[in-house]
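**Student:** Task: produce atomic coordinates for the following.
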Amino acid sequence: MANRTQRNTTKVEALIESCRSEGKWQRVIELTDELKTGSPHNECLANFLMGEARLESYLEEHAVAPETNFGRAKSGLVDARRYLNLALGESGQKAGIALDAYLLLAKLCYACGEYEQSLENFVKAELNTLAEKELTLRSLKILAESYAIKGLCLEQQSTKPTSKFKRAEKDTEMICCFERASDLGLLYLQEYDIGCGSNSSSNNSTAGSTLNVNAGGGVQQSSSSFAISSSQASSSATLEVSRRMGAILETALQRAPIVLIKAGKLQVAVERYRIMLNAIETRATQSLRLTLARQLAEVLLRGVSGTIYAPPFTTKSGGSTLRGGGANKRLWKPRKYAARQQFTPRNQQEEVILLLLIAEAHAVRDTVLSQSPDFRVARQHAMGNVTAVYDLLTLTTVRWGLVQLLNESFEKALKFSFGEQHIWRQYGLSLMATEKHSHALRVLQESIKLTPGDPLPCLLASRLCYESLETVKQGLDYAQQALKREVKGLRPSRSQLFVGIGHQQLAIQATLKSERDAYNKLALESLERAVQQDGNDHLAEYYLSLQYALLNQLGEALSHIRFALALRMEHAPCLHLFALLLTASRRPREALGVVEDALHEFPDNLQLLHVKAHLQLNLEDAETALSTVQHMLAVWRELYEAQLAGEEEKHSDTKSGVHLVHSSQMSDKDSNSVYAASLAAVSRVEQALSEAASSLSSFTQRPGPRRPWMLQIEIWLLLADVYMRIDQPNESLNCIHEATQIYPLSHQIMFMRGQVHVYLEQWLDAKQCFLNAVAANPNHTEALRALGETHLMLGEPRLAEKMLKDAAKLDPNCPKIWFALGQVMQTLGDFNASADCFATSLQLEPSCPVLPFTSIPLVFE
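**Tutor:** Predicted coordinates:
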């Protein structure tokens, strides 16, 4: 009978230990009553178990809260305190549970806000002198929470040490507690997952102290590894996981690296993050892993520079150790991933990108696809996590030129981002950065629908149409739509400015004088209104100055460009326009000085170098201009060669080069030209393309964005022009050949080849080249003028008259066109018309800049 009673008692104790590990505290209370009835000699153990169960039950219902709830905690935990105090003393020590009772009593004091008493209980338990040994699941959790609570109590301690040495000693002890708590917490969660996986929720421990059990009775180490779970757990499982970890352990895991950062130990904090992230993942740490990965990425981006960065696992890590530790330090350390050929980041860039991709994977996995109102809160919470990760990923990829990676992430994000305007807008911006302009416009159109009151996506779409797609009328529609959205008038000047830019570009493109005058009037009104609405906007002043320059009102233009420079002195487009205005005022040397000063601030600005070379040519300094253009080539290589070399590796396949044509080279204005509607024009286009076909046989499309290659073509053609000025036509032809290798169908190349033939007095070849250029772009006024002059030299004045009148319609402010037209009319014997043309040329000559004002690219910053 006695043996049967002993067996029953042992069975009850095993059930109690199982329930303790699983957190079934109500069942523990019931079994403890049964244990007390069946074994009166176990009264001390029963008191301990009853106190533990009541404490844990209360904390599950009422998490540790601010000071306002400490009174409720004290009253609610009276019974638990009484039972735990009964488990202390000689009887508790004989039963081997006094240590556990002190640790749980410290936890109770912490829940009641009694931080000093909690620390006293840890001293009585001799927490810092515990030797490492294998423990049960419940023991691991008690110990992990004990270290966490001690660290939190030291952090919340009201009495501050007076000596800096004592303060440093306290900080070191606090850091040690959080480090040990995070290690034990991760180990506990790993062991719990192993126990659940093997359907064994507890081990064979019997009564007595759970912290002093034999090694054979503890949870054994497992060599199995875990893969990251890709399936989303159910809501009940999520609650179970959260309950299993507990608020105290979760706080300790997050506080461990933060207290190191506060103590100024940034590199140690980074190592702590790495140790925690390298631990084998469990169900309970999946959401925590997202937070840690994002925080470490932020720390590496904001606090670690390239000079102090150390790759992972290259330094001796493992954190601080406490006094009296056992010989085997691995027992209380979490298991880590250690597979062969495991990827390890080699630099800061790789590590940050890896962390954010891991965080993205976790955040995306937790997203809620259902649009039901029942899941609104969960959906918003998940989208908040995703948005935070994508914002960091945006900063990182843009900073390091990896926008294509960002594009791929946003494409995946669209699956669960229905109605999320922030994701759509960021996706549109990333597409703009990768020069996928048509796709970006469609995405921005969706963003416009999602935010009916926000003018910003309208302005972005308008800029895209103006700058890249050259659909000016569509861009003007978006700008006017943005202006209508400026209900509150927060910054209507910027929308008004975009409207003015649209009208200005339409005026430049217009071929009919009445149409051009109407658009110029609208542009002037809009830009003046933008300046009135925001007198501190340098961009509005810049475009107003440009509009006056296009209207040939140089005094007003100079006045407004000076205002713009006063608002923002270091603005390259303003300095560019100022230099052109000085050349139009017959002050080329001053303009050259302005450009040289600007190049001190912007040494790699190719537009300013282009103006400088033309100014040097204008001042008859061709040798200096030659060195300037050669410097431009060197700058181009510095800026773009490495980028385009990387693109070449990605695009090794050969494609047709016809699609590389820049929209400015095939302007929409050709539909209004006299050539576009004629069959002769069609035949000339065919002839021009057939002559370029010989070059296409060896031509392959250059990889990467179009703009760098078009810039290089301009540089080669400028270099060809300079060589002609110094009487080296063969070198000019070599430069033209280099440009042809990039894109042989450019009308600029055809025009420059014709200029070389003019220099060599090969008039028929020159005529053919100019015809090709005009066929490729009927609105190229320089080619039209050169073709007219060539017709005149070949004794074809009527054709010359036709060409020059077409050129004058396109650019009525060019004195060279009027002078050539005067020569043609003189040859035809119409002296009155000739005199008028010469007079117009003389009138325009003093206000003609060294380069057209329209040569300045659009600017929006």
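
**Student:** Residue 264 falls within a strand, correct?
**Tutor:** No. According to DSSP: H, G, I helix; E, B strand; the rest coil, residue 264 belongs to no strand; its state is coil.

**Student:** Let the chain start at 42 from now.
**Tutor:** With 42 as the first residue, the last one maps to residue 305.

**Student:** Neighbours of it, how many?
**Tutor:** Neighbour count of residue 305, defined by other C-beta atoms under 10 Å: 9. From N, CA and C alone the C-beta is placed, and that goes for glycine too.

**Student:** Residue 634 and residue 660, how far apart?
**Tutor:** As judged by C-beta to C-beta, to the nearest Å, residue 634 and residue 660 stand 12 Å apart.

**Student:** right, I mislabeled it, should have said residue 876
**Tutor:** Per C-beta to C-beta, residue 876 is found 31 Å from residue 660.

**Student:** What are the buried residues along stretch 767-781?
**Tutor:** Of the residues in stretch 767-781, those buried by neighbour count under the rule 16 or more other C-beta atoms under 10 Å are 772-774, 776-777, 779-781.

**Student:** Can you tell me the closest non-neighbouring residue to residue 168?
**Tutor:** Across the structure, with C-beta to C-beta, 6 or more residues apart in numbering as the measure, the residue nearest residue 168 apart from its sequence neighbours is residue 187 (6.0 Å).

**Student:** can I have the one helix or strand that neighbour maps to written out in CSV, keeping just the CAs?
**Tutor:** Counting by DSSP states H and E, the secondary-structure element that holds residue 187 is helix 178-197. Backbone C-alpha positions of helix 178-197 (Å, rounded to 0.1, in the frame of the first residue of the first chain) are rendered in CSV as follows:
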residue,chain,number,x,y,z
LEU,A,178,12.2,23.9,-19.7
ARG,A,179,10.6,25.6,-16.6
SER,A,180,14.0,26.1,-15.0
LEU,A,181,15.3,27.7,-18.2
LYS,A,182,12.4,30.2,-18.3
ILE,A,183,12.7,31.0,-14.5
LEU,A,184,16.4,31.6,-14.9
ALA,A,185,16.1,33.7,-18.1
GLU,A,186,13.4,35.8,-16.5
SER,A,187,15.4,36.3,-13.4
TYR,A,188,18.4,37.7,-15.3
ALA,A,189,16.0,39.9,-17.3
ILE,A,190,14.2,41.2,-14.2
LYS,A,191,17.5,41.9,-12.4
GLY,A,192,18.7,44.0,-15.4
LEU,A,193,15.4,45.8,-15.5
CYS,A,194,15.5,46.5,-11.8
LEU,A,195,19.0,47.9,-12.0
GLU,A,196,17.8,50.1,-14.9
GLN,A,197,14.8,51.3,-12.9
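
**Student:** After that helix, heading C-terminal, what element do we hit next?
**Tutor:** Elements were assigned by DSSP H and E; along the chain past helix 178-197, the next helix or strand is helix 205-238.

**Student:** what's that next one packed up against?
**Tutor:** Packing contacts for helix 205-238, counted by 3 or more C-beta pairs under 8 Å, 6 or more residues apart in numbering; DSSP states H and E, involve helix 178-197, helix 276-286, helix 288-303, helix 307-319.

**Student:** Between those, which has the poorest mean confidence score?
**Tutor:** Among the helices and strands packed on helix 205-238, helix 276-286 has the lowest mean pLDDT, at a mean of 52.

**Student:** Would you map the helices across the stretch 792-902 of the chain?
**Tutor:** In the stretch 792-902 of the chain, the helices defined using DSSP state H, counting those that start in this stretch lie at 804-817, 822-834, 838-851, 856-868, 872-885.

**Student:** What about residue 887, how many residues nearby?
**Tutor:** Each residue near residue 887 was counted by other C-beta under 10 Å, and the total is 11.

**Student:** So it sits against residue 627, correct?
**Tutor:** Yes. Counting by C-beta atoms under 8 Å, residue 887 touches residue 627, with 6.0 Å between them.

**Student:** show me the contacts for the residue nearest to residue 168.
**Tutor:** Under the criterion of C-beta atoms under 8 Å, 6 or more residues apart in numbering, the contact partners of residue 187 comprise 144, 147-148, 163, 166, 168, 222.

**Student:** Just flag the most distant two among those.
**Tutor:** Spatially, the most separated pair among those is 166 and 222, at 14.9 Å (C-beta to C-beta).

**Student:** Tell me which of those two has more neighbours.
**Tutor:** Relative neighbour count places residue 222 above the other of residue 166 and residue 222, with 27 against 22, counting by other C-beta under 10 Å.

**Student:** Check the closest residue to residue 805 other than its chain neighbours and give its pLDDT.
**Tutor:** Closest residue to residue 805 in three dimensions, ignoring its sequence neighbours and counting by C-beta to C-beta, 6+ apart: residue 835, at 7.5 Å. In the predicted model, residue 835 carries a pLDDT score of 92.

**Student:** what residues are up against residue 835?
**Tutor:** Contact criterion C-beta under 8 Å, 6+ apart gives 804-805, 808 as the residues in contact with residue 835.

**Student:** which residues touch stretch 561-580?
**Tutor:** Contacts of stretch 561-580 (C-beta under 8 Å, 6+ apart): 532-535, 537-538, 540-542, 544-545, 548, 581-582, 584-585, 588-589, 591-592, 601, 605-606, 608-609, 612, 615, 900-902.

**Student:** from what I can see residue 476 touches residue 509, true?
**Tutor:** Yes. Checked against C-beta under 8 Å, the pair residue 476 and residue 509 is within contact range at 7.4 Å.
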